[in-house]
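> Give the three-dimensional model of this entry:
(2 chains)
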2 protein chains.
Amino acid sequence: MNYYIGIDIGATNTKLGIVNSNGTILKEKYFNSKAHPPKKLLKKLSQEINRVKKNYELEGIGIGVAGPTNPKEGKVYHFINLPGWENIEITNLIKNETGIDTYLDNDTNIMSLGEKEFGAGKDFKNFICLTLGTGVGGSLVLNNKIYRGSKYVAGEIGHVPININGPNCNCGGKGCLERYVGNKYIIERTKSQLKEESNSIIMKLADGNKENITPKIISKAYYLGDKLAKEIWLDTGKYIGIALTGTINLLNPEAIIIGGGVAEAGNVLFDSIYSTIQKRAMRLHKQDIKVLKTQLGEKAGIIGASVLAQGLREV
Amino acid sequence: MNYYIGIDIGATNTKLGIVNSNGTILKEKYFNSKAHPPKKLLKKLSQEINRVKKNYELEGIGIGVAGPTNPKEGKVYHFINLPGWENIEITNLIKNETGIDTYLDNDTNIMSLGEKEFGAGKDFKNFICLTLGTGVGGSLVLNNKIYRGSKYVAGEIGHVPININGPNCNCGGKGCLERYVGNKYIIERTKSQLKEESNSIIMKLADGNKENITPKIISKAYYLGDKLAKEIWLDTGKYIGIALTGTINLLNPEAIIIGGGVAEAGNVLFDSIYSTIQKRAMRLHKQDIKVLKTQLGEKAGIIGASVLAQGLREV
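Below you'll find the predicted structure:
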C-alpha cells in the first residue's frame, strides 16, 4: 500500500488528507485559508506533512486550488475569491520544505481525477465533469486523461454561449451558460418570477424576504411541492442541457458527471438535463449517454489531489 | 522515400493519388463515384493500386469518405449524398485485393491529418478544423492526435447550438451553427434580405433570378462592393465566431483552420470570425489564437489520406 498527501486549498478552508492507494482517507486536517498569507499557509502545510512523514512513507503530494493554474510549473495564476495568491509557485515551496514530489492542478481537474480513479468516472474513457455553484466549472477527461489545452485553461463549459443575444457575462462574452445557471442568476430568475403578493413556499422559507433566497431554499421548496421552484429547476436543467448538447456533439463522451451545490436539487434537475440532451443532441452522440452525480462529493478535493500525487500525465 | 496511396471518396468524384512521405502527390487518377456500386468501385480502386504496386513499393493505403465511419473496423456507416454505401467494410475489401494495410476515416479528420502534417496545422499541438459547405463539418486535433470520441463521431461543430430558441435543425436540435451558415441557409438569408425592387449586385450576377443565388455569387458581389453581400458575410462570420467562442473556451486550442467552399469568401469572413472571437472569448483563451485558411485546399483529401496510410494512432 502506498500513501499520498492530498490537499484542497479553497477560498475558505484548506483541507489536508493522508490517502492510501485505494483512495481511502486515513486522516484529515483543516486549516483556515484566509488566516495566513500564502507562503505562511504553505509553510504550515509543509510542517504538517513533515510530521506525517514520520509515520507514513509518502510517495507524493497533490494539490488542488480554486483558480487557474500552470500545472507544469506548479504555479497558481490567481485564486477565485482569495486575494494575495497571484503567481505563487506552490509546488516548489512545498517540495523544498518536504523533499517530496509535489503536483498542482485546478479543483475541477482534481475532481475529475478523483471521479475517474475512484468514483462515477471509473468506467469511462471520455467524460465531462461539471460543477454547479457560484460559478460553473468544467473539466474534460479524454482518452482516459485530463485534457488541459494549450494554456491549461480548457474545460470552461460555464462560458459556452447558448444564446447569441444573451445577457453580458463577467467573462466578457454574451449568453454564457454560467450567466443562466450560476447561483446568483438562479436566484435572480426566481426573484423576478415571484410576484409580490406570491404565496410561494419559497417566500415562506425565506422568511418573507426575497434577499434570503438561496438555491438550497428553492430546492427545499420544490420538495414541498412549490410550482415556481419546479419551473426554476426545469429551466436550469434546460439551459445546462443545451450547453451540454453542444459539448456532446463536439466531444462524443460517454458520460457527464455533475457536482457542486446546485446539483443537490437532485432528480428534477438531472431529469431535465437528460431529457434536453435526448431532445436536442445528435443520434449517435446521445445514444447511451449517462448523466451522473459525483460519487466522491466533498471528498473529491482530497482524494482527487491524492491521485494527482501519483504524477502528472501529459501536460 | 516511402510511398503511400491516398484515396478521397466523395459523393461525386473519387480521387486516388500516389503520395510520397513528403506529402507530394506524384500521380492522380479520378473515378466517377456514382457510376459504380460500392464494391465495384472498390474493386476498380484495388486494380489501380495493384498496377501502381509494380512501380512503387507501397507502405500503406489511406481512405477518406464523406460520412460517419468506424475507423477501427474500417467501415463506413453511410455516405452523405451517396446512397448504397451503408455499412461497407471498405478497408477489408481493399486489403484483401491488394495485400496492403489499409486505413479509413471521415473526410474532416483526413483534412486535419493533412493540415497537421503538411499544412496550416504543422506548428500546433491543439487545433480545430472547420469545413464550410452544404454542411458544416469539424475535426479536433488534441495533443497532436485526432480526437475521435467514444463512437468516433466527435467534432460536430456544425451542431453546436448558438441560440436556445433558434430554428429547427436537420439533426434534431435547435439553433445549431449549421442552421445559420450551411450553404442553403446563407442563400435563404440573402434571399429574404433582398428586396424585390433591389438593385443589388447579387441580383445582377444571378441574372435577375433569386433561385440562381449561390455563396460564390454573394462572394463575387461583395468584391464588387455590394452592401448586402458584405452584411451577409459579416453575419456569417459572427455566427461562426460565436460557435467557435464556445469551442475555444472549452478546448483552449492554438488555432482554428477553416476550409470548404464558403471559406472562399476570404478576408471579410475571416476578419468577422476573428473579431467575434476577440469580443466574446475568455482572456487567456483568445490570446494568441490563430484563425487560418487551409493550406492544402482541394488536395487535402489525397494528402491527408496518405498520412492516415501511415497507420491509425489511438482509436
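> In the stretch 101-250 of chain A, which residue sits closest to chain B?
Using C-beta to the nearest C-beta, the single residue of the stretch 101-250 of chain A nearest to chain B is A:Gly149, 2.7 Å away. All C-beta atoms are positioned from the backbone trio N, CA, C, and that covers glycine.
> Quick check: bridge partners of the most centrally placed residue in chain A?
A centroid search over chain A (C-alpha atoms, centre = their mean) returns A:Thr131, at 3.8 Å, as the residue closest to the centre. Taking DSSP bridges as the rule, A:Thr131 bridges to A:Gly137, A:Gly259.
> hmm, back to that, confirm that the residue of the stretch 101-250 of chain A closest to chain B sits in a helix.
No. Under DSSP: H, G, I helix; E, B strand; the rest coil, A:Gly149 falls outside any helix and is assigned coil.
> I'd like to know how many residues surround the residue nearest to it when sequence neighbours are not counted.
Counting by C-beta to C-beta, 6 or more residues apart in numbering or on different chains, A:Gly149 lies nearest to B:Asn252, which is 2.7 Å off, once chain neighbours are set aside. Using other C-beta atoms under 10 Å in any protein chain shown, B:Asn252 is surrounded by 25 other residues.
> Quick one: neighbours of A:Asn2, just the number.
The tally of other residues near A:Asn2 (other C-beta under 10 Å) stands at 15.
> So it sits against A:Asn20, correct?
Yes. When contacts are counted by C-beta atoms under 8 Å, A:Asn2 is listed as touching A:Asn20 (6.9 Å).
> separation between A:Tyr274 and chain B?
Distance, A:Tyr274 to chain B, by C-beta to the nearest C-beta, to the nearest Å: 15 Å.
> who touches the host helix or strand of that residue?
A:Tyr274 belongs to helix A:267-280 when assigned by DSSP states H and E. Contacts of helix A:267-280 with the rest of the structure, by C-beta atoms under 8 Å, 6 or more residues apart in numbering or on different chains, involve A:222, A:230, A:233-238, A:240-242, A:244-245, A:248, A:256, A:258, A:262-263, A:286, A:289, A:291, A:293, B:161, B:172-174.
> follow-up on the earlier one: the residue of the stretch 101-250 of chain A closest to chain B is in contact with B:Ile248, isn't it?
No. Applying C-beta under 8 Å as the test, A:Gly149 and B:Ile248 come out as separate, 9.3 Å apart.
> These two: which has the busier surroundings?
Using other C-beta under 10 Å as the criterion, A:Gly149 and B:Ile248 rank with B:Ile248 on top: 26 against 23.
> which SS class is that one?
Assigned with three-state DSSP, B:Ile248 falls in the helix class.
> contacting residues around it?
Contact analysis of B:Ile248 by C-beta under 8 Å, 6+ apart lists B:Ile256, B:Ile277, B:Ala281, B:Met282, B:His285, B:Lys286, B:Ile289.
> so which of the residues you listed comes closest to B:Val76?
B:Ile256 (26.9 Å; C-beta to C-beta).
> Relative to chain A, how far out is the closest one?
B:Ile256 sits 12 Å away from chain A, going by C-beta to the nearest C-beta.
> For that residue, report the pLDDT, please.
pLDDT for B:Ile256: 98.
> and A:Glu89, how many residues sit next to it?
By other C-beta under 10 Å, the residues close to A:Glu89 number 16.
> Please read the previous query as pertaining to A:Asn109.
Counted with other C-beta under 10 Å, the neighbours of A:Asn109 add up to 27.
> got it, and A:Ser306?
The tally of other residues near A:Ser306 (other C-beta under 10 Å) stands at 32.
> Check what contacts the helix or strand encompassing it and list those residues.
Assigned by DSSP H and E, A:Ser306 belongs to helix A:300-308. If you take C-beta under 8 Å, 6+ apart as the criterion, helix A:300-308 is touched by A:4-8, A:10, A:15-17, A:19, A:23, A:25, A:28, A:62-64, A:103-105, A:107, A:109-119, A:259, A:294, A:296.
> A:Lys122: what's it in contact with?
A:Glu115, A:Lys116.
> Tell me where the stretch 101-250 of chain A is predicted with low confidence.
A:196-197 (pLDDT under 70).
> just the strands in it please.
Under the criterion DSSP state E, counting those that start in this stretch, the stretch 101-250 of chain A carries strands at the ranges A:102-106, A:127-132, A:136-142, A:145-147.
> For the longest one, which helices and strands make contact with it?
The elements that strand A:136-142 packs onto, with contact taken as 3 or more C-beta pairs under 8 Å, 6 or more residues apart in numbering or on different chains; DSSP states H and E, are helix A:107-118, strand A:127-132, strand A:145-147, helix B:227-251.
> which outside residues touch the first one?
Read that as helix A:107-118. If you take C-beta under 8 Å, 6+ apart as the criterion, helix A:107-118 is touched by A:8, A:10, A:22-23, A:62, A:64-66, A:71, A:105, A:121-122, A:124, A:127, A:129, A:131, A:137-141, A:144, A:146, A:148, A:155, A:257, A:259, A:294-296, A:299-301, A:303-305, A:307-308.
> do the third one as well
Strand A:145-147 is contacted by residues A:105, A:109, A:112-113, A:139-141, A:154-155, A:313-314, B:142-143, B:251 when judged by C-beta under 8 Å, 6+ apart.
> mind running it again at 7 Å?
With C-beta atoms under 7 Å, 6 or more residues apart in numbering or on different chains as the test, strand A:145-147 has contacts from A:Asn109, A:Ser112, A:Leu113, A:Ser139, A:Leu140, A:Ala154, A:Arg313, A:Glu314, B:Leu142.
> What parts of the stretch 151-300 of chain A come near chain B?
Contacts of the stretch 151-300 of chain A with chain B, taken as C-beta under 7 Å from any C-beta of the partner chain, map to A:151, A:153-157, A:159-164, A:171-174, A:242, A:245-247, A:249-254, A:280-282, A:284-285.
> Leaving out sequence neighbours, find the closest residue to A:Met1.
Distances taken as C-beta to C-beta, 6+ apart place A:Asn20 nearest to A:Met1, at 5.2 Å, with adjacent residues excluded.
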